[in-house]
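In: Need the 3D shape of this:
(chains A, B, C and D)
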Protein chains: 4
Amino acid sequence: MDAAQEAQSCQSICVQTIQHCLQMGGSHVEPSHMQLLQDCAEICETTATFLLRGSPQHNQVTAACATICELCAQSCDRFTGDAQMKACADECRRCAAACQQVAQMRPGGAGGPGHRSVP
Amino acid sequence: MDAAQEAQSCQSICVQTIQHCLQMGGSHVEPSHMQLLQDCAEICETTATFLLRGSPQHNQVTAACATICELCAQSCDRFTGDAQMKACADECRRCAAACQQVAQMRPGGAGGPGHRSVP
Amino acid sequence: MDAAQEAQSCQSICVQTIQHCLQMGGSHVEPSHMQLLQDCAEICETTATFLLRGSPQHNQVTAACATICELCAQSCDRFTGDAQMKACADECRRCAAACQQVAQMRPGGAGGPGHRSVP
Amino acid sequence: MDAAQEAQSCQSICVQTIQHCLQMGGSHVEPSHMQLLQDCAEICETTATFLLRGSPQHNQVTAACATICELCAQSCDRFTGDAQMKACADECRRCAAACQQVAQMRPGGAGGPGHRSVP
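Out: Just a heads-up that it's a prediction; the model follows:
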């Protein structure tokens, strides 16, 4: 999967994990944890859209996304033995790695994102 | 693909198609056509999120999404011989069908959407 | 305020109220209540954007928004003596009324929304 | 207006300006200009939400928003004698200034954003 797809997958699992946490209650609904899940879902959505439209201004957005995804993964790590939290942490780390790689590309460079159209 | 995934795919291709139309210019950037592509991307994003969080209130949103996707498909149909527009129209119709099916389900019913978690 | 502005105000207060509920805990973080606040924030954002771009396809979106805002208001009503919940319920009802009025307009009609530009 | 309100106002005017540009045609629909308007609307929406929920992780998002708003303002500046483009450029600069100020605050510091509730 490319970074746009990882960002969409990460948004999806964060949205689902928010509901999971609400159903679990207790430490799962700790405000800063829930805030990170919401932040992560939102910046992932924005990142996906920037990459899909091949925006030359994606670097700061993908860099922010990588940071927030890593923080969200760490927040999810604390819930050992919870398969949903484990899956969310794993996806956040995949998205962070993909975003970090894209953020380091020179905008407009050969390997950078571009307008992707049907061949 | 389920309706949430179709809605995400449809959002993605609409975002890409907007850039394609801007690069083509001419009749591709006709205001009402571009407006539909933007409307479609936005309602698809909202629909995906409602379905991912298993919202019982998804019916009106998925019904609106089905209508707008069909209108967007018809608007894309006019550009014959353009592979991007064809792909966008096809995805819009797949999403419209998936949303229509979900919109007709009884909220909370056996076949309806629900909070999906990792098993 | 017009319907687009009410929808933005309603999105804002729902986003703030989600954090308020997380900080309150207990019955404030009941899953269906929190789900409605998220649904309401999201459909309000979409509604605002449809209205701001003067989309002829706004009717189903504003109708869905009116329904969800009213349900969210009812969910907030249950927390008596909580000023944030009261303010959120009040804004949801203002937004529901504004959206209902706009949804009943004939698309493209004299009183309907249109592309608003600087004079 | 605080930064969250500026970001919402900036998102709104960018959404309206996209429609204005589509109706004007010609150089108004140049792909990189239209891309910036879309980027600006989207990062402003994300910024507003981060600030409204008092996210400690807002710094990179507000910094990205400030950069993109300034680029969007410069892109709008080129259309002299167009009141909509002038109003959009002005709002983008107000939002850039507000975001830059917030981005430089120490997260969690005395002057930083916080969960805002009804008193």
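
In: Would you state the secondary structure element containing residue A:74?
Out: helix A:58-77 (DSSP states H and E).

In: Compute the inter-axis angle for that helix and helix D:58-77.
Out: Interaxial angle of helix A:58-77 relative to helix D:58-77 (axes from the mean of the first three to the mean of the last three CA atoms, to 10 degrees): 160 degrees.

In: for helix A:58-77, the distance to its chain's centre please.
Out: 6 Å (CA atoms, centre = their mean, to the nearest Å).

In: ok, now stretch A:6-19?
Out: Using CA atoms, centre = their mean, the offset of stretch A:6-19 from its chain centre is 8 Å.

In: count of residues packed around residue A:25?
Out: 13 (other CB atoms under 10 Å in any protein chain shown). Where you see a C-beta, it was placed from the backbone N, CA and C, and this is true even at glycine.

In: typo on my end, residue A:78
Out: 12.

In: Only the buried residues of stretch A:2-11, if you could.
Out: A:3, A:4, A:5, A:6, A:7, A:8, A:9, A:10, A:11 (16 or more other CB atoms under 10 Å in any protein chain shown).

In: Summarise which helices and strands whichever helix or strand the second one is part of is packed against.
Out: Assessed by DSSP H and E, residue A:4 sits inside helix A:3-24. Applying 3 or more CB pairs under 8 Å, 6 or more residues apart in numbering or on different chains; DSSP states H and E, one finds that helix A:3-24 contacts helix A:31-52, helix A:58-77, helix A:83-104, helix B:3-24, helix B:31-52, helix C:31-52.

In: And the ones you listed: which comes nearest residue A:21?
Out: Evaluated over the helices and strands packed on helix A:3-24, closeness to residue A:21 peaks at helix A:31-52, with 6.3 Å, by CB to CB.

In: Spell out which residues of chain A are next to chain D.
Out: Counting by CB under 8 Å from any CB of the partner chain, the positions of chain A adjacent to chain D are A:32, A:35-36, A:38-39, A:42-43, A:45-46, A:49-50, A:53-57, A:60-61, A:63-64, A:67-68, A:71.

In: Just the buried subset of those, written out for ChimeraX, thanks.
Out: Burial among these is assessed by 16+ other CB under 10 Å; the matching ChimeraX selection reads:
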select /A:35,36,38,39,42,43,45,46,49,50,53,54,55,56,57,60,61,63,64,67,68,71
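
In: Let me see the mean pLDDT of the helix holding residue A:4.
Out: Taken as a whole, helix A:3-24 has an average pLDDT of 98.

In: angle of that helix against helix A:31-52?
Out: Going by the same axes, to 10 degrees, helix A:3-24 makes 160 degrees with helix A:31-52.

In: and helix A:3-24, how far out from the chain's middle?
Out: 8 Å.

In: on that earlier part again, of all the helices and strands packed on helix A:3-24, which one is nearest residue B:105?
Out: Closest among those, using CB to CB: helix B:3-24, at 9.9 Å.

In: circling back: switch the helices and strands packed on helix A:3-24 over to a markdown table; also include distance to residue C:78.
Out: Listed next are these as a markdown table, based on distance: least, CB to CB, whole Å:
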| stretch | distance to residue C:78 |
| --- | --- |
| helix A:31-52 | 21 |
| helix A:58-77 | 30 |
| helix A:83-104 | 28 |
| helix B:3-24 | 29 |
| helix B:31-52 | 22 |
| helix C:31-52 | 8 |
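
In: Any stretches of chain A with poor pLDDT?
Out: For chain A, applying pLDDT under 70 flags the ranges A:106-119.

In: rerun that using 90 as the cut-off
Out: A:1, A:104-119 (pLDDT under 90).

In: Minimum distance to residue D:23: which of the helices and strands packed on helix A:3-24 has it?
Out: Evaluated with CB to CB, the helices and strands packed on helix A:3-24 place helix B:31-52 nearest to residue D:23, the distance being 5.4 Å.

In: Also compute the angle for that closest one relative to helix B:83-103, please.
Out: Using the same axes, to 10 degrees: helix B:31-52 against helix B:83-103 is 40 degrees.

In: Check the offset of helix B:31-52 from the chain's centre.
Out: 6 Å.

In: Who are the packing partners of it?
Out: Going by 3+ CB pairs under 8 Å, 6+ apart, helix B:31-52 lies up against helix A:3-24, helix B:3-24, helix B:58-77, helix B:83-103, helix C:31-52, helix D:3-24.
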